[in-house]
Structures are given as C-alpha cells and as structure tokens.
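> sequence unknown, structure follows:
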DNA sequence: TGTAAACTCTATACTTGGTATAGAGTCAAG
DNA sequence: CTTGACTCTATACCAAGTATAGAGTTTACA
C-alpha cells in the first residue's frame, strides 16, 4: 500500500510517517518503479504499535529501545519494564508539579476579583512580589 | 551592570537573557563603548517578573501581553485575568490527561511482574493490543 | 608592561515531535 | 490529453531555550 492509504489506516499524517522513517523508528519500505514508498501489513502493525507508545508519551528514543528489545523474543523484557516504570514516575512528578502550579495560580487569581485598572490589580501585584 | 552579573542575580543564563531580548520581552539595554550590554535595576526587576511568569508556565507571547498591559496603569487588567484563567483551565485539563495516562501505564505494567523473556512479557502484549 | 584568565560579543546549529511549504515528478479519470 | 490527486525530496518553521565557534575586551597578577 502507498503512504496515503497507510496514513489513513493509522490516523497519522504522511509527514509523520516519513518523519518516523527518518528517525529509524520505521524501516524504509520497498519502493515502486516510480520511487513511491510501498508498505506491507507489518509496517501498518509497527506504526500502530508506535502510535500506541506515543499515546503513552514515550519518547522516540524510548520507543526505539522497546522495538529493539521486542525484535528478539528470547531477550529479557527488563528494559521495557524499566522504561514503563520510569514513565510512571515521571508522570507522577509532573502531576505533583502541576498541582502546585495550579494552586499558585488560583491563589494569585483570587487577588483580583473584577475587571479593575492595572494599578489596582491584585494579580499584577502578586506577580511582582512572589519571586 | 553587565550581563554576567544580571544572570547571577536573576538565576537565568546569559543566553536566556539575550534570547528574551531577541524575543522583545526585555528592552535592548544601553551598550558600553566596547559594545557590552549595560543593565539598569529596572531590567533586573523586569527579568524577575518574567521569570516568575515563566515559572507559572506562561508562554513568551502571554508574558509579552501581560507586560504590555502592565505598562499603562490606567489600562484595564482584564486580559491579565483572562490569561491566568485560561492557564488554570489548561493545567486542569493536562492533569486530567496525565491521570488517565498514569492509570493506563500502571495497568499495562501490571501485566509483567518479573523479568521475563520478550515472548512471555505481558507488557509487550498489552502494547500490541490496546490500540 | 605583558600575558593569561575571565568575560562578552555575534552568528549559527541543535534539541523534540512533528507541521508546512516549494517545486518536481507520477498516476488515474474523463 | 489534460486536469486533479497523489507522491517525491529538501527545506524551513514552531517553543523555549542550550551549546558552540571565533572574535574582541577587560581584569588580575607578576
């Protein structure tokens, strides 16, 4: 199948598919006589796998690692698990950070209840003084 | 004061300060005879304000808007408040997304309790089939 | 006074994960 | 046979910086 159909089937853009090829996430496919990329069903499966990993916010490098690990069924899956564990950790940290940020923002926001003038705006005063 | 001292006082890198100048967040300062940037105390205050806004995850464009609003004390502070409200909203969404992601990751991770081989690894099977 | 270290300057390239374009070639339908 | 849809490569762009090269400047110390 050609790249347009593959894009439609995966829900990824054509440019994204070519981008993944450049990044060596997806093997360069066969070419037709007129130099069009020609993909197999395996490429489709691989892309769906990649898409799934991206949805889990894995970086391209991490996905590459997982794909390499997966390529040999006799490999230990240890570094796949390590990758997931690290993600869970990172996300936990990020959520905690965002919660603090959220509270700070809400607290700042409460300093100006209405549409006032700049010189009276508690939000701006807060922004000036917190640091 | 020269850029190195300003960087030390603000905790920003020299490159970041020059970057903010290029982005028009910080006015281009006077220059010495030898073309070195020479900053006032006001520049220091402005940078600390910017740093504070960045810590609240505002984009450079948003900060620019806030700075422009702030410049005239008679302005209405409405769009400052709007900016903050939008942020609170964005962060709420992001936290919700991350929580879903976290749960998904934890559920996937539970499919492989130990260091197994790739072919037996539940995590990899999950990654294959969820999409 | 000499010189070496520390500082600053501009300009450019790199990062991540794509997205958007230009300009050229190819293919299918009417 | 031409028009429109598709594909190709190469390049530039986004945010928010970071890192480097190569040149000039200032400061400290002997």
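Structure's in. What do you need? The structure displayed is predicted, hence computed values, not measured ones. Numbering: from 1, shown residues only, chains lettered A, B, ... in the order given.

> which SS state does the spatially most central residue of chain A fall under?
Nearest residue to the geometric centre of chain A (Cα atoms, centre = their mean): residue A:57, 3.8 Å. Secondary structure for residue A:57, judged by DSSP: H, G, I helix; E, B strand; the rest coil, is coil.

> Quick check: the gap between the nearest residue to it once chain neighbours are set aside and residue A:87.
Counting by Cβ to Cβ, 6 or more residues apart in numbering or on different chains, residue B:101 is the residue found nearest to residue A:57 once chain neighbours are left out, at 6.2 Å. For the C-beta atoms, the positions are set from N, CA and C on the backbone; glycine is no exception. Applying Cβ to Cβ, to the nearest Å, the value for residue B:101 to residue A:87 is 9 Å.

> Overlap of the contact sets of these two?
Counting by Cβ atoms under 8 Å, 6 or more residues apart in numbering or on different chains, the contacts common to residue B:101 and residue A:87 are A:56, A:57.

> higher neighbour count, these two?
Taking neighbours as other Cβ atoms under 10 Å in any protein chain shown, residue B:101 and residue A:87 compare with residue A:87 leading, 21 against 18.

> Against residue B:112, how distant is residue A:73?
In terms of Cβ to Cβ, residue A:73 sits 14 Å off from residue B:112.

> more crowded one of the two?
residue B:112 (20 against 12).

> List the residues that contact that one.
A:77, A:80, A:81, B:121, B:122, B:123, B:124.

> how about it, secondary structure?
Three-state assignment for residue B:112 (three-state DSSP): coil.

> and the host helix or strand of residue A:92, what does it pack onto?
Using DSSP states H and E, residue A:92 maps to helix A:78-109. Using 3 or more Cβ pairs under 8 Å, 6 or more residues apart in numbering or on different chains; DSSP states H and E as the contact test, the elements touching helix A:78-109 are helix A:60-71, helix A:122-129, helix B:78-109, helix B:122-129.

> ok, back up a step: the residue nearest to residue A:57 is in contact with residue A:91, isn't it?
Yes. Under the contact definition of Cβ atoms under 8 Å, residue B:101 touches residue A:91, with a separation of 6.1 Å.

> hey, what's in contact with both of those two?
residue A:57.

> quick one: pLDDT of the residue of chain A found nearest DNA strand D?
Nearest to DNA strand D in chain A, going by Cβ to the nearest atom of the strand, is residue A:4, at a distance of 2.5 Å. As predicted, residue A:4 sits at a pLDDT of 97.

> likewise the one 3 residues further on?
In the prediction, the pLDDT value recorded for residue A:7 is 97.

> Check the secondary structure at it for me.
helix.

> Find the nearest non-adjacent residue to it, please.
Per Cβ to Cβ, 6+ apart, closest to residue A:7 is residue A:14, 4.8 Å.

> Verify the stated contact: that neighbour with residue A:2.
No. Counting by Cβ under 8 Å, residue A:14 does not reach residue A:2; the two are 9.7 Å apart.

> Residue A:124 - how many residues pack around it?
Around residue A:124 there are 23 other residues, counting by other Cβ under 10 Å.

> pLDDT score assigned to it?
So residue A:124 comes in at 83 (pLDDT).

> For the residue lying closest to it once chain neighbours are set aside, the count of nearby residues, please.
Take residue A:124 and drop its neighbours on the chain: the residue closest to it by Cβ to Cβ, 6+ apart is residue B:70, 5.7 Å away. By the criterion of other Cβ under 10 Å, residue B:70 has 19 neighbours.

> What residues does chain A have near DNA strand C?
Within reach of DNA strand C by Cβ under 7 Å from any atom of the strand, chain A has these residues: A:12-13, A:15-16, A:19, A:32-36, A:54, A:59-61.

> Mind doing that once more with 10 Å?
By Cβ under 10 Å from any atom of the strand, the residues of chain A that approach DNA strand C are A:2, A:7, A:12-20, A:22-23, A:25, A:32-36, A:50-51, A:53-55, A:57-64.

> Got a PyMOL select line for the buried ones in those?
Selection command for PyMOL covering only the buried members of the residues of chain A next to DNA strand C, criterion 16 or more other Cβ atoms under 10 Å in any protein chain shown:
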select buried, chain A and resi 7+12+16+17+20+25+50+51+53+54+58+62+63+64
